[in-house]
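In: Structure for the following, please:
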Amino acid sequence: MIKSKIMLLLVVLCLPSFAFGQEAATASDTIKTESTTTSTINSKTDSTTTVKTPPPSAITPQINTSNSDLCTVGIAGAVQTQILGISAGKTVRDMNCEKLKNAKTLYDMGMKVAAVSVMCQDQKVFDAMMHAGTPCPYNGMIGDAAKLGWETHVEQTQKELDEMDKPNVKEAATFGGLGLLGTLLLF
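Out: I've put the predicted structure just below:
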C-alpha cells in the first residue's frame, strides 16, 4: 500500500504541468484618465541691496621689546573716528633699568665703589645707605670720610639729587601733545 502511494506520488510529480492564463485586455476594457492643468504666474520682485562696509580701524603698531638686554618700554596707541584714524608708537628708555644694568656691569668688573655710586644716584638708595651707617661714596671717599663730605656739602648734594629726579620735559610734552590730539579726534 505504501508502495502504491509512493508510485502514485512519483507519477503525479513527473507529469507535465500546464499553466493557463487570461487573454490580453482589449482597448475597450482599459480605464484611461486625462488631466489638463493650465496656470499663469505673474511675478514682480523689487529688491534693494545695501552694502555696509566695516568701519575703518586704526591698528596699534606692535613694538617688540622682547630682548631682555634692552632697557626700553614700548608705548603704542590708536584713535579712530568715522573719518580719520591715527596710530602711533614709540619706545621709552627705562632709566632705572639702565642704572641697574650699569651698576651690575661695574660690580662684575670689580669696581664695587663705582657700582654703589651708580645706585646712590637714586634718592631712596641714598637715604637707605645713610640710615644704614654706610654712606654713599663722595669724591672717591668711603666710610666716615664720605659721610663728612656729604654733610658738609648738603646744598650741592640736594641740588644734584633734585636734578636726577626731575621728569623728562621732552617726553612729557610728547605725551601731552598725543593726549590733546586724541581728545580732538573724539569730537
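In: what does the domain assignment say about this protein?
Out: 69-109, 120-165 (automatic domain parsing).
In: what's next to stretch 96-104, contact-wise?
Out: Residues from elsewhere that reach stretch 96-104, judged by Cβ atoms under 8 Å, 6 or more residues apart in numbering: 71, 115-116, 118-119, 121-122. (Glycine included, C-beta is placed from N, CA and C.)
In: can the residues you listed go into TSV with extra columns for pLDDT?
Out: What follows is the contacts of stretch 96-104, written out as TSV (pLDDT from 0 to 100):
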residue	pLDDT
Cys71	83
Ala115	92
Val116	90
Val118	91
Met119	91
Gln121	87
Asp122	87
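In: Between those residues, which sits nearest Pro135?
Out: Val116 (9.9 Å; Cβ to Cβ).
In: Run through the residues that contact that closest one.
Out: Contacts of Val116 (Cβ under 8 Å, 6+ apart): 103, 129, 136-137.
In: ok so, going back, take the contacts of stretch 96-104 and write them to TSV, including distance to Lys5 and secondary structure.
Out: Listed next are the contacts of stretch 96-104 as TSV, based on distance: Cβ to Cβ, whole Å; DSSP: H, G, I helix; E, B strand; the rest coil:
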residue	distance to Lys5	secondary structure
Cys71	119	coil
Ala115	129	helix
Val116	132	helix
Val118	130	helix
Met119	128	helix
Gln121	132	coil
Asp122	128	coil
